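S.K.: here you go, sequence then predicted model.
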Amino acid sequence: MSHPAHDSHTDQPQDVVESIVPLMPVVLPVAGAVLIFLLAFIAVFMA
């Protein structure tokens with residue numbers, strides 16, 4: 001009992017969502033810009 005058992009979860013893999021969340025401030029504006037560009041391209045191509 002000199003070394004108490006610690007419930008550390010370092011051996012479990014990191015969740016995919018938790019690894020993406022820090023990138024959201026970069027990913028969302030880039031994805032929005034690409035979407036707007038594609039919509040404008042389609043509008044000009046159809047006109």
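M.R.: Alright, I've got the coordinates.
S.K.: give me the residue at the spatial middle of this structure.
M.R.: Centre of the chain computed as the mean C-alpha position; nearest residue by C-alpha atoms, centre = their mean is Ile20, 2.9 Å away.
S.K.: other residues contacting the one helix or strand that residue maps to?
M.R.: Using DSSP states H and E, the element containing Ile20 is helix 16-20. Around helix 16-20, the neighbours that count as contacts under C-beta atoms under 8 Å, 6 or more residues apart in numbering are Val27. Yep, even glycine has a C-beta here, placed from its N, CA and C like the rest.
S.K.: how far out from the middle of the chain is that helix?
M.R.: In terms of C-alpha atoms, centre = their mean, to the nearest Å, the centre of helix 16-20 is set 6 Å apart from its chain centre.
S.K.: so for the strand or helix carrying Met24, what gets flagged as buried?
M.R.: Per DSSP H and E, Met24 falls inside helix 24-46. Of all the residues in helix 24-46, not one is buried under the rule 16 or more other C-beta atoms under 10 Å.
S.K.: just how off-centre is it within its chain?
M.R.: With C-alpha atoms, centre = their mean, you get 18 Å for helix 24-46.
S.K.: what mean pLDDT does it get?
M.R.: In this model, helix 24-46 has an average pLDDT of 97.
S.K.: contacting residues around that helix?
M.R.: Ile20.
S.K.: repeat that for 10 Å
M.R.: 20-21, 23 (C-beta atoms under 10 Å, 6 or more residues apart in numbering).
S.K.: brilliant, that's me finished.
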